[in-house]
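A.B. asks: Everything below, folded, please.
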Amino acid sequence: MTTLTRRSAMLALAAFTSLAALAPGMARAADPVKLEVGYIPILAAAPLFIVDGEGWAREAGINLKLTRFESGPHAIQAMAAGQIDLLYAGVAPVLVARSKGADVSVIANSAVEEMVVASRGQFAKALGGKATPESFAKFVADNGRKVKIGTQPPGSVPDTVLRHWLFKVVKVDPANVEIISMGIEKTQQALLAGALDAATIREPTVTVTKQMDPNVALLATGAEMFPNQPGTVIAARGPVIKDNAEALNKLIKAHVRAVDLIAKDPARSAKVANEYLGKGLMEPATLEAAFRSPGSKFVADPRGVVPAVENMMAYAKEIGSAEGTIPVAEAFDFRFYDAAVGK
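C.D. replies: Okay, here's the model as predicted:
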């Protein structure tokens, strides 16, 4: 018995020693995966705020660090430089960066048909709610200046779809328009201050702007600006996709869950997202109204936007925003969405 006991003790000691050797690795495996996520402060990024605010990322073993940007092109520059891992932003800057060699891919969709064109003041009255080449020309003749329209920087979705609406849909003479690039918040402020005649805006700015000035007129919806207008997507860097595939599977599953929550419970969604978008300056009820507005269309499936993205990228090349052509479908990695929905 003594021999057996001694042997058992030795085996136990050996097992303990082996576990001790593995312990550091086991501890590391249990550590949360850290992901730095960039976002644009718009309603289409709400699923990210819900995933973070509801604690779903932490439950999945993911530690999110959120970084705010004022435009997609600026955010994608940071991403291409390796400063952030993922990005909730318009699809256009992601694909433009990819056409220039950046190792980034779209792994899920967030929203579509976000952008609208809003106007106010003399310009809104002059157009009477309908934009035509003649109404633009008449405003210029009557006021002795071009129509000032604010949007985000060249290469962004707002800039691309604005130009498409102006010059392809309405067929405005470019000589009658001055397109001014600025950040999202400055665009809203400039429109309300009268520094702009019109601007591309999206929720919750649409709801907020109309509450502040009931005379704000919507000149075009997202569908009118660009049919099936592509909007906000989730993009990831190549190395992150390679090294953290399991974490991305969990994150996109949580993203799909957040999109479902917005549809089923906009009040709860607004309360959570308001902590990130409102910062105490916006009532949750305002954000809830934005969630319920026709301008809010949350769609997680990335496959549905590919044809519209192909059309938009062809136009971006036509106007010089994209230097090269890339097979758009190759910029999409559907594995993570498929895993999230059990395909």
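
A.B. asks: What residues does residue 79 make contact with?
C.D. replies: By Cβ atoms under 8 Å, 6 or more residues apart in numbering, the contact set of residue 79 is 38, 85-87, 97, 102, 104, 235, 237. Yep, even glycine has a C-beta here, placed from its N, CA and C like the rest.

A.B. asks: Please identify, among these, the one with the most neighbours.
C.D. replies: residue 235 (33 neighbours; other Cβ atoms under 10 Å).

A.B. asks: Run through the bridge partners of that one.
C.D. replies: Assessed by DSSP bridges, residue 235 has beta-bridge partners residue 87, residue 106.

A.B. asks: what about it, distance to residue 312?
C.D. replies: Distance, residue 235 to residue 312, by Cβ to Cβ, to the nearest Å: 15 Å.

A.B. asks: before we move on, back to that, how about the contacts of residue 79 in TSV, adding distance to residue 144 and pLDDT?
C.D. replies: As requested, the contacts of residue 79 are exported to TSV (distance: Cβ to Cβ, whole Å; pLDDT from 0 to 100):
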residue	distance to residue 144	pLDDT
38	42	96
85	50	97
86	48	97
87	42	96
97	40	85
102	44	90
104	45	95
235	44	97
237	49	96
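
A.B. asks: Residue 54: which of the residues you listed is nearest?
C.D. replies: The nearest member of the contacts of residue 79 to residue 54, counting by Cβ to Cβ, is residue 86 at 17.8 Å.

A.B. asks: That closest one and residue 33 touch, don't they?
C.D. replies: No - counting by Cβ atoms under 8 Å, residue 86 stays clear of residue 33, with 11.7 Å between them.

A.B. asks: Spell out, range by range, the strands that occur in the stretch 201-343 of the chain.
C.D. replies: With DSSP state E, counting those that start in this stretch as the criterion, the stretch 201-343 of the chain has strands at 217-220, 232-237.

A.B. asks: can you tell me which of the ones you listed the model trusts least?
C.D. replies: With a mean of 92, strand 217-220 has the lowest mean pLDDT of those.

A.B. asks: Verify the stated contact: residue 182 with residue 148.
C.D. replies: No - using Cβ under 8 Å, residue 182 is not in contact with residue 148, being 11.1 Å away.

A.B. asks: follow-up on the earlier one: please identify the deepest-packed of the strands of the stretch 201-343 of the chain.
C.D. replies: strand 232-237 (a mean of 28; mean count of other Cβ atoms under 10 Å).
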